[in-house]
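Colleague: predicted model and sequence below, questions to follow.
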Amino acid sequence: MGMAMANPALREELLKFEPTASLCYQCGTCTTVCPMTDYGLNTRLVMKLVNLGIMNDWVRKVIWLCTGCGLCQENCPNEIRIPNVIRFIRLRVINESRKK
Ligand code: SF4
Ligand code: SF4
């Protein structure tokens, strides 16, 4: 997978946009309840990578599967605003494609 370097600046930006993201402890509940898991969206793994400042090809692809249903956030033990984290990644991907 290309573009898989950890980027501390990306993590800082994420936490400005959505401070609750740092509370993820990788319990996996979001992946269990997400209706798009069967289609390849692994929310827990998205949270892990973006918290490390990693936006690889896999993340760039699977974030578009999210419907914004909010089940992940409702069930997350730390009430992390996961749909907003996904929104952050989408905006990054869109901004990057505009610069090309
Ligand atoms: S449910 Fe919340 S704490 Fe658990 S992995 Fe998902 S985002 Fe992280
Ligand atoms: S908001 Fe997105 S990531 Fe969260 S459960 Fe719904 S489809 Fe999955």
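Modeller: Looks like it came in fine. Numbers count the residues shown, from 1 in each chain. Ligands and ions are numbered 1, 2, ... in the order given.

Colleague: return the residues of this protein in contact with ligand 1.
Modeller: By the rule C-beta under 6 Å from any ligand atom, the part of the chain lying against ligand 1 is 24-30, 43-44, 47, 76-78, 80, 82. In short, each C-beta sits where N, CA and C put it, glycine included.

Colleague: assign a three-state SS to Ile54, would you?
Modeller: Secondary structure of Ile54, reduced to three states by DSSP: H, G, I helix; E, B strand; the rest coil: coil.

Colleague: and Glu79, by the same measure?
Modeller: coil.

Colleague: circling back: counting neighbours, which of the residues of the chain next to ligand 1 comes out on top?
Modeller: Thr43 (29 neighbours; other C-beta atoms under 10 Å).

Colleague: any idea which helix or strand carries the closest residue to Glu18 other than its chain neighbours?
Modeller: The spatially closest residue to Glu18, leaving aside those adjacent along the chain, is Asn84, at 4.6 Å (C-beta to C-beta, 6 or more residues apart in numbering). Element membership for Asn84 (DSSP states H and E) is helix 82-99.
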